[in-house]
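K.L.:
Need a 3D model of the sequence below.
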Amino acid sequence: MAWLKVSSVAVLGTRFTMVRPDRGWGGAYGMQRRPPRWACQMCGREGLGDETGPTGDWSQACRRGHAPCDWCGRMLTIKMDGQPRVHARCPERSPAPPPLHNDKV
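P.N.:
This next block holds a predicted model:
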């Protein structure tokens with residue numbers, strides 16, 4: 001279905017945009033598939049899919065929904081139990097305290 005050109009698709013209220021179109025078969029003897037790359041418009045996560053939309057576990061997380069980070073407001077995916085994710089590497093978060101040193105004799 002290379003003739004089907006989709007640039008944006010909505011799945012369960014989450015919009016995905018095609019970042020890189022389908023590039024067909026490539027490699028030395030045409031043995032490697034180069035599928036299209038999709039990105040979530042809410043959080044910016046990218047992953048592979050097919051011509052009709054994103055596929056795989058990365059898109060399932062975005063379909064569950066998003067919640068903002070408590071510190072910076074960046075949208076993160078919601079976990080399977082409905083709780084928002086923890087933004088561990090947030091630039092707005094205060095730095096961690098210095099580690100405790102155990103001086104062994």
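K.L.:
can I assume L48 is in contact with R33?
P.N.:
No. Using CB atoms under 8 Å, L48 makes no contact with R33, being 9.6 Å away. Any C-beta I mention is one placed from the backbone N, CA and C, and that applies to glycine too.
K.L.:
Which neighbours do the two have in common?
P.N.:
The overlap between the contact sets of L48 and R33 (CB atoms under 8 Å, 6 or more residues apart in numbering) is empty.
K.L.:
which one of the two has more residues nearby?
P.N.:
Legend: neighbour count by other CB atoms under 10 Å for L48 and R33, higher for L48 (16 against 12).
K.L.:
what packs against the host helix or strand of the more buried one?
P.N.:
If you go by DSSP states H and E, L48 is part of strand 46-48. Counting contacts by 3 or more CB pairs under 8 Å, 6 or more residues apart in numbering; DSSP states H and E, strand 46-48 packs against strand 37-40, helix 57-64.
K.L.:
Using a markdown table, lay out those together with mean pLDDT.
P.N.:
What follows is these, written out as a markdown table (pLDDT from 0 to 100):
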| stretch | mean pLDDT |
| --- | --- |
| strand 37-40 | 93 |
| helix 57-64 | 88 |
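K.L.:
Report the central residue of this structure.
P.N.:
Central residue of the chain (CA atoms, centre = their mean): R45, 2.3 Å from the mean position.
K.L.:
Identify, by residue count, the longest strand of the chain.
P.N.:
Looking across the chain with DSSP state E, the single longest strand is strand 14-20.
K.L.:
Off-centre distance for that strand?
P.N.:
Computed by CA atoms, centre = their mean, to the nearest Å, the chain-centroid distance of strand 14-20 equals 11 Å.
K.L.:
Stretch 14-21 too?
P.N.:
Using CA atoms, centre = their mean, the distance from the centre of stretch 14-21 to the centre of the chain it belongs to is 11 Å.
K.L.:
Low-confidence stretches in this structure?
P.N.:
For the chain, applying pLDDT under 70 flags the ranges 1-6, 10-13, 96-99, 102-105.
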